[in-house]
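K.L.:
the following comprises the amino acid sequence and a computationally predicted model.
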Amino acid sequence: MLTSMLWFAGVAALINVTPGLDTMLVLRTSVAHGRTGGRAAALGILAGCLAWGVATAIGLTALLTASRLAFDVLRIGGASYLVWLGGSALWQARRQRTADGAEGAAAGSGGVEDAAPVPAGSARQGRRAAFRAGVGTNLLNPKAGIFYMSLIPQFIPHGTPVFGATLLLTAVDVLELALWYWVVCLAASALGERFRRPAVRRRLEQISGITFLGFAANLLLAERA
């Protein structure tokens, strides 16, 4: 089992660091809401991964390939959610055009985040919204379930209890993702001043919005494995 786990860790690492929807969400949230916002989004994604892992362990993800209806409902729901995220990002980029002067004044007095204290309630709401966005983008993506259902069983040795082995490999994947998202949040924080320039933030929102809409279109065109 140890050899299989190491092989799985290597394959999963290659997949996890490939730029995708979840990484884009963590990066965008880190820039827009700071490191704590990015971490909250990452925690939401990791919670979704854990849910998919448990569903795989008990056989629920098999419904995604066995039932066309189940796959389509999740696919359309996920695409709709991504359209909402993409539209929100593009609308935010448009709104920032009228706020460039105010943001520039705030930056001159010590930075965007330091210009004015953020109310504790607003900060908590922002983290909760980021967490919900992470959970939503992951759980409403049937490809995430198919990933767990198709990849993990290939690394479970014959005769090994499937339930326990699936949860173990899920834990390996979640730990790798946690490390990767920590790096993404750290990088966004290190480049925070540059990213938080009004023009750069506006451009990032535009790129994020177009990316989310692209993933939505890809999801609508997806077929069952």
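P.N.:
Arrived safely, thanks for sending.
K.L.:
lowest-confidence helix or strand of the chain?
P.N.:
Taking mean pLDDT, DSSP states H and E as the measure, the chain has helix 100-108 as its least confident helix or strand, at a mean of 49.
K.L.:
residue 63 is in what secondary structure piece?
P.N.:
In this assignment (DSSP states H and E), residue 63 forms part of helix 63-66.
K.L.:
residue 159 now?
P.N.:
Secondary structure (DSSP H and E) places residue 159 outside all helices and strands.
K.L.:
what about it, neighbour count?
P.N.:
5 (other CB atoms under 10 Å). Glycine gets a C-beta too; all of them are placed from N, C-alpha and C.
K.L.:
got it, and the one 3 residues further on?
P.N.:
With neighbours defined by other CB under 10 Å, the count for residue 162 comes to 14.
K.L.:
verify the stated contact: it with residue 56.
P.N.:
No - look at residue 162 against residue 56 with CB atoms under 8 Å: they stay out of range, at 9.3 Å.
K.L.:
buried residues in the very next helix or strand once past the least confident helix or strand of the chain?
P.N.:
Using DSSP H and E, the helix or strand that directly follows helix 100-108 along the chain is helix 120-139. Going by neighbour count (16 or more other CB atoms under 10 Å), the buried part of helix 120-139 is 126, 127, 129, 130, 131, 133, 134, 135, 136, 137, 138, 139.
K.L.:
quick check: closest non-adjacent residue to the last one.
P.N.:
For residue 139, ignoring the flanking residues on the chain, the nearest one in space by CB to CB, 6 or more residues apart in numbering is residue 48 at 4.6 Å.
K.L.:
got it, and the second one?
P.N.:
With CB to CB, 6+ apart as the criterion, residue 127 has its nearest non-adjacent residue at 4.1 Å, and that residue is residue 40.
K.L.:
okay, now the unreliable bits of the chain?
P.N.:
Applying pLDDT under 70 to the chain flags the ranges 64-66, 96-123, 192-198, 200, 222-225.
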